[in-house]
Each structure stands twice: as C-alpha cells, then as structure tokens.
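J.: just a sequence and a predicted model for now, questions to come.
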Amino acid sequence: MTYPSHLQYSQDHEWLSTEDSHGTVGITSFAAASLGDIVYVDLPAVGSIVTAGSPCGEIESTKSVSDLVSPASGEVTDINDTVVSDPALINSSPYKDGWLFQLRLGDAPDLMDADQYELFTNGAP
Amino acid sequence: MPPADSQEPRRTALAGVHQSLGAHMTDFAGWYMPLRYDSELAEHHAVRTMAGLFDLSHMGEIEIVGTRAAEYLDYALVGSYGAMAPLAAKYTMICRDDGGILDDLIVYRLRADHFLVVANASNRETVFTALRQRSAGWDDISVLDNSDLWSLIAVQGPLALAILNEMADSPLDSLKYYSIAQRSIAGFPVLTARTGYTGEDGFELFCSPADAAQLWTTILEKGKPDGLVPAGLACRDSLRLEAGMPLYGNELSLDLTPFESGLGRVVVLDKSRDSVGADALRERSQDDVARVRVGLELEGKRAARCGYAVLTPSGRNVGRVTSGALSPTLGVAVAMAYVDHESASVGTPLLVDVRGVLLPARIVPLPFYKRPNRGVS
C-alpha cells in the first residue's frame, strides 16, 4: 500500500493535510482496511478544542469501536456531515470524500511523511 | 513447520484459496480463517439477496457409531434421538452435570447406527472429551473425532438451491430443511445438508479435504453469474444475529441452562434413560428464570456490543448485552441481551449504556429478520 505524498501521518493512522494555519484530518486507507466497513462516526463538535494524541471521537466498524485520535491540536472549524450520514465514504475514499474534520492548527507535533508511514505500517502488528 | 508448542493457528484445506482471493484473515478459535474478502457488508447483502460461500472447516465433526448409538446420545446429549429418521438433522445441546451448556450442536443421523455431531470449533475438544467419557461402559459405541477428515463448505442464500442444482447429480429440491443426503456436487462426493446459520435457505457440504479447494473453486465460478460471493466470518456473525441465532460464548455458556437461554425446547426430560445433567435440568426447569434472552432495537446507528449494561428508564441495571450490531439488512442497531424477567416483555422501553451514553432501546421479538417465504420447503 502506498500513501499520498502531500499528507502527514500519525502513529494512530490519521492523516493531516495543512494549508497555512488550517488542517484537514481523516483516517488512512490502512486504518480503513483494518477496521472493515465503517458504519458509524462520532466527530468532535465544531468549536471544540482537540489535542494531538488524544481521543476526539469514535469510529465504529461492524465489529469494533476505535477512538478517533487527533493528529494535531487546535480548534475544530468544520466537520464532514456527509461522512456522518454515509460512513462508507471513509472506506471508499479515505483521503478525499471521507475526510472527517478541519481545524485551526495550534501545536503540530512531529508527524510521519508517506514513506515513513509506509515503513511504520509494514512494521505494525 | 512450526515447533510443536507453537500457537500458530491451524489452516483449513482452503486457507491458500482464501489468501489467493485476498481475504482478510483472522485467528478464530485457533484457526486461520477469512474474516472478510472485501466488504463484509456487501457479503452480508449478497447472502440475503443472492448467495454466499463460506468455509466452515474449523467446525468439529464427531461421529458416533454403534447399534445403540441413538440410545447413547439420549444419555450423552439433552434431546431424544431414537425417533430421528435416517438422514434427519436436529439442533441440540450438550450439558454438564449441573445443567450448564457445554455447546450447542447439530446432530445428523446418517444411518440407524451412525450419527454425525457438529460442534463449534472452540468447543471441539470439550465436546469430544465429554462424549468419549460418557461412552465409558457403552462397549459397542465408538466416539470418533473425525474433524480432520472433513472439510465443510456452506452455500447460503436465496439462490443457493439454484446454484447447486446446476452442479448436483440430482436436484436438491427434495432435500428438506434440516436433513442430509449423500450427493455428488461438481463430481465430488458430498454429504449435503440443508442447514445453516444465516437465516437464509442454504446448504452445508461436508467433503474430503482433498476435494475442498476444487469444489470451492468450481462452485464459486459457476455461481458467480448468479451473484455468489465468498463470504467471511464477519458477515456470518451479523447474519446469525439478525436471524436471532445464539452464539456459544455470547448467548450460550456454562453458566446458563438451555431453559435460561430460551432454548428449553431442545431438552427432553421424560426419556427412558436420563441424560447427563437431567436432574439439574429438571430442577432448574421448574425455577422461575431470572433473566431472559431478548431482542433489543436501539435508537440511532450506534451498536450495542457484548458486555454493555441494560437499564430501566429510571437507571436500574436489569441486564447485559451479549451480541449487537448495526443490522445491515434492517438499517437499525439490534442486539441480543439477557434482561430481568419483569423487563423482558416486547415493547418495554429500556436504555443501553453505550460507552457512557445512555441510548433508548426497546424489546422487540426475535428473530429481527425472517426470510420472505419463497416457497421453500
């Protein structure tokens, strides 16, 4: 599996794209494939503050519940309502239509680039 | 070869086929099994509307042979088997001395003196050991764990009959629900049973492990134009949940008797010979059952999962969820749960504690899903 080179990646399998001080967050194709069909997402509220490395929502597949862990800190400015009503978009289009939320970036921790993330997933249990 | 003490999962005769199909594999009850091939939801819908192909070779096949085999099973299991016609099948259970459920089983009578007992993969050793021990003193009875001599492939769904008829030596229409017959499918000898665990019409095919890969591939190729897809354990679980079928380890356990699980009908207490556990079962059949297995429908799309608490609207804990999912067929979150008797009637409003959020739910009849009558026997 290869990963889009314009994104940054967290160890919790979220991606972050940044433009100036704004970020967009989603989960990686690796995470989506591991979870299986996603049937429910609980996203942080617009205006709430999320913290890098901390849970800010939930992703449910048919078999499991996973925390959504923000890859960066900041204030949530928008959420993807389409993905709330149609969570399967996360499986079919994890980097585009399946984006989860946008935030005004505060602290951005060190994230992996695509090559590092590929190595990380190959070594992941 | 892994070392002898390795915990490497065991592989069915079809493991290589699953890998070549790109399946997501998982360790299930010590077996390396397909969880899903692509989308478990698509597989679920295919079984409900067309057909799915399952590898169930991890299940345990224990054979009982001897002229008094039916009488022995009357003693070893909770039901009555003497009246079963040859080639009939029966859903039943094996219990411990105290009435606790060791496993739920399907028993097939292959001949007057030959039964096939199919046990859950996780309980294969337990069931075999219990049946072996219970055969002490039954000189003419052989109890054989023949699990490694059988592969098991299931074809489930409304088109299963039509798909298999194209490959069968004679039409399978005459094979009634819950019966079994020796047939030839795609040229291979197959013990063909009209049983399943999906709530759909379908067949379970017991074949030689040497034939399994070619039988699987042939069925898949011939069934593909009709919409047949390989289907994994993930959709098997959501299918059986919708059909209200219990799963050992979730709805059934050593702590429960068949009566408490709502399946007391499998127990026969007025047999000429008492079965193991009969005294306890007789006693516990008279008890008011404290908790009852029920169906729950939740508001919203969040699934109630095994272990979640069930409460009354006033917040009193009255039960526990044993299985739950967002039903792919119905589009609502459904669950099976054990709840106190007084909160168990259909329509009762309850709450489920979904990770700290109390979601409204109500008791609904089981099964959640019943297949439309398509004129199948």
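T.: Here it is on my side, so go on. Residues are numbered from 1 along each chain as shown, chains lettered A, B, ... in the order given.
J.: where along chain A do the strands fall?
T.: Secondary structure of chain A, counting by DSSP state E: strands at A:8-9, A:14-19, A:22-27, A:38-42, A:49-50, A:55-61, A:65-69, A:74-79, A:101-105.
J.: the worst-scoring helix or strand of chain B on mean pLDDT: what's the following helix or strand?
T.: Within chain B, no helix or strand scores below helix B:278-286, which has a mean of 88 by mean pLDDT, DSSP states H and E. Next helix or strand after helix B:278-286 toward the C-terminus (DSSP states H and E): strand B:291-298.
J.: that next one: which residues count as buried?
T.: Applying a neighbour-count criterion of 16 or more other Cβ atoms under 10 Å in any protein chain shown, one finds B:291, B:292, B:293, B:294, B:295, B:296, B:297, B:298 buried in strand B:291-298. To be clear about C-beta, it is placed using only N, CA and C from the backbone, and glycine gets the same treatment.
J.: for stretch A:33-44, same thing?
T.: Neighbour-count burial for stretch A:33-44, counted by 16+ other Cβ under 10 Å, picks out A:34, A:35, A:36, A:37, A:38, A:39, A:40, A:41, A:42, A:43, A:44.
J.: now the first one: closest residue in space, sequence neighbours ignored.
T.: To tie it back to what came earlier, the one meant is residue A:34. Take residue A:34 and drop its neighbours on the chain: the residue closest to it by Cβ to Cβ, 6 or more residues apart in numbering or on different chains is residue A:13, 7.8 Å away.
J.: what about that neighbour, how many neighbours?
T.: Residue A:13 is flanked by 22 other residues according to other Cβ atoms under 10 Å in any protein chain shown.
J.: is residue B:104 located within a strand, as I assumed?
T.: Yes. The assignment for residue B:104 (DSSP: H, G, I helix; E, B strand; the rest coil) places it in a strand.
J.: so it makes contact with residue B:95?
T.: No. Using Cβ atoms under 8 Å, residue B:104 and residue B:95 do not qualify as a contacting pair, with a distance of 10.3 Å.
J.: the more surrounded of these two?
T.: residue B:95 (26 against 23).
J.: quick check, central residue of chain B?
T.: By Cα atoms, centre = their mean, chain B has its centre lying nearest to residue B:197, at 5.0 Å.
J.: quick one: contacts for that residue?
T.: Neighbour list for residue B:197: B:154, B:156, B:236, B:239, B:240, B:243, B:245 [criterion: Cβ atoms under 8 Å, 6 or more residues apart in numbering or on different chains].
J.: kindly list the longest helix within chain A.
T.: helix A:114-123 (DSSP state H).
J.: which strands and helices lie in contact with it?
T.: strand A:8-9 (3 or more Cβ pairs under 8 Å, 6 or more residues apart in numbering or on different chains; DSSP states H and E).
J.: can you rerun that using 6 Å?
T.: The contact analysis (3 or more Cβ pairs under 6 Å, 6 or more residues apart in numbering or on different chains; DSSP states H and E) places helix A:114-123 against no helix or strand.
J.: so what's residue 11 closest to, chain neighbours aside?
T.: By default, I'm working from chain A. Nearest non-adjacent residue to residue A:11, counting by Cβ to Cβ, 6+ apart: residue A:120, 6.9 Å away.
J.: to clarify, I was referring to chain B.
T.: residue B:32 (5.1 Å).
J.: for the one you found, helix, strand, or coil?
T.: strand.
J.: and it, what is it in contact with?
T.: The contact partners of residue B:32, by Cβ atoms under 6 Å, 6 or more residues apart in numbering or on different chains, come to B:9, B:11, B:15, B:25.
J.: how close does the closest residue to residue B:288 other than its chain neighbours sit to residue B:260?
T.: Closest residue to residue B:288 in three dimensions, ignoring its sequence neighbours and counting by Cβ to Cβ, 6+ apart: residue B:341, at 6.8 Å. Separation of residue B:341 from residue B:260 (Cβ to Cβ, to the nearest Å): 11 Å.
J.: in terms of neighbours, single out the busier of these two.
T.: Remark: of residue B:341 and residue B:260, residue B:260 carries more neighbours, 23 against 12, as counted by other Cβ under 10 Å.
J.: what ranges do the strands span in the stretch 151-300 of chain B?
T.: With DSSP state E, counting those that start in this stretch as the criterion, the stretch 151-300 of chain B has strands at B:151-156, B:180-185, B:188-193, B:202-207, B:228-230, B:291-298.
J.: adding distance to chain A and mean pLDDT, write those out as JSON lines.
T.: Formatted as JSON lines, these follow (distance: least, Cβ to the nearest Cβ, whole Å; pLDDT from 0 to 100):
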{"stretch": "strand B:151-156", "distance to chain A": "18", "mean pLDDT": "98"}
{"stretch": "strand B:180-185", "distance to chain A": "31", "mean pLDDT": "98"}
{"stretch": "strand B:188-193", "distance to chain A": "28", "mean pLDDT": "98"}
{"stretch": "strand B:202-207", "distance to chain A": "21", "mean pLDDT": "98"}
{"stretch": "strand B:228-230", "distance to chain A": "14", "mean pLDDT": "98"}
{"stretch": "strand B:291-298", "distance to chain A": "11", "mean pLDDT": "95"}
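J.: of all the ones you listed, which lies closest to residue A:50?
T.: Nearest of the strands of the stretch 151-300 of chain B to residue A:50, taken as Cβ to Cβ: strand B:291-298 at 27.4 Å.
J.: what about residue A:113, neighbour count?
T.: By other Cβ under 10 Å, 13 other residues sit near residue A:113.
J.: where's it relative to residue A:119, distance?
T.: 10 Å.
J.: identify the residue nearest residue B:369 in space, chain neighbours excluded?
T.: residue B:242 (3.9 Å).
J.: may I see the buried residues of stretch A:48-59?
T.: For stretch A:48-59, burial by neighbour count (16+ other Cβ under 10 Å) applies to A:50, A:52, A:56, A:57, A:58, A:59.
J.: show the contacting residues for the second one.
T.: It stands for residue A:52. If a contact means Cβ under 6 Å, 6+ apart, then residue A:52 has A:70, A:72, A:73, A:109 as its contacts.
J.: could you redo the last one with a cut-off of 8 Å?
T.: With contacts defined as Cβ under 8 Å, 6+ apart, residue A:52 is in contact with A:70, A:71, A:72, A:73, A:107, A:108, A:109.
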